[in-house]
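Participant: Provided below are the primary sequence and the corresponding predicted coordinates.
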Amino acid sequence: MFKPLAERKDVVSWRLLAQVELVKVKDRFQPQFSAGVAALDAKEVKVQGFMMPLEMGDKQSHFILSATPQDCSFCMPGGPESLVEVKTKQPVAYGMAPVVLSGKLAVLKDDPTGVFYRLTDAVPVK
């Protein structure tokens, strides 16, 4: 098993991002976010997590940030509330250690890919 990431005051908590439930709207389900999560939409935030590459290569500019490390290459680590799609300004070196990224967070109510969170213009920070 893995050790969960230590909570940091300067980083958005995965516990906060998990405050979402799926509600049925007409013939499909849509995420309904808590007020605390909805308040983060379009804000500059820091997020901490593990990189899951979407492309080959040691530098990544489009990847998934996960609350938990990957146990196997074909396993998804959790639901959409534990993942953030990331698009960086500059490619970032891929590694197994957790990273902290700063960028603009989008809270997505109806993304066709099923993603709840997207961080754009992201840059690594300490």
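Facilitator: Structure received.
Participant: Gln70 against Pro53, yeah?
Facilitator: No. Under the criterion of C-beta atoms under 8 Å, Gln70 makes no contact with Pro53, lying 9.6 Å away. Where you see a C-beta, it was placed from the backbone N, CA and C, and this is true even at glycine.
Participant: average pLDDT across the helix or strand hosting Arg15?
Facilitator: Secondary structure assignment for Arg15, by DSSP states H and E: helix 14-17. Average pLDDT, helix 14-17: 95.
Participant: what's the nearest residue to Pro80 if we skip its chain neighbours?
Facilitator: Phe116 (4.5 Å; C-beta to C-beta, 6 or more residues apart in numbering).
Participant: So which bits of stretch 117-126 are buried?
Facilitator: The neighbour-count check on stretch 117-126 (16 or more other C-beta atoms under 10 Å) flags 117-119, 122 as buried.
Participant: Ignore what I typed, I meant stretch 57-65.
Facilitator: Of the residues in stretch 57-65, those buried (16+ other C-beta under 10 Å) are 60, 63-65.
Participant: if we can go back for a sec, surely the residue nearest to Pro80 meets Leu108?
Facilitator: Yes. Assessed by C-beta under 8 Å, Phe116 is found in contact with Leu108 at 5.7 Å.
Participant: Of those two, which one has the most company?
Facilitator: Phe116 (22 against 18; other C-beta atoms under 10 Å).
Participant: which residues touch the more buried one?
Facilitator: Contacts for Phe116 (C-beta atoms under 8 Å, 6 or more residues apart in numbering) come out as 17, 20, 31, 33, 80-81, 83, 107-108.
Participant: In which helix or strand does Asp71 reside?
Facilitator: Remark: Asp71 resides in no helix or strand, with elements defined by DSSP H and E.
Participant: burial count for it?
Facilitator: Taking other C-beta under 10 Å as the definition, Asp71 ends up with a neighbour count of 10.
Participant: Relative to Val99, how far out is it?
Facilitator: 18 Å (C-beta to C-beta, to the nearest Å).
Participant: Then Arg8?
Facilitator: 12 Å.
Participant: So between those two, which is more surrounded?
Facilitator: Ranked by neighbour count (other C-beta under 10 Å), Arg8 and Val99 place Val99 first, with 19 against 11.
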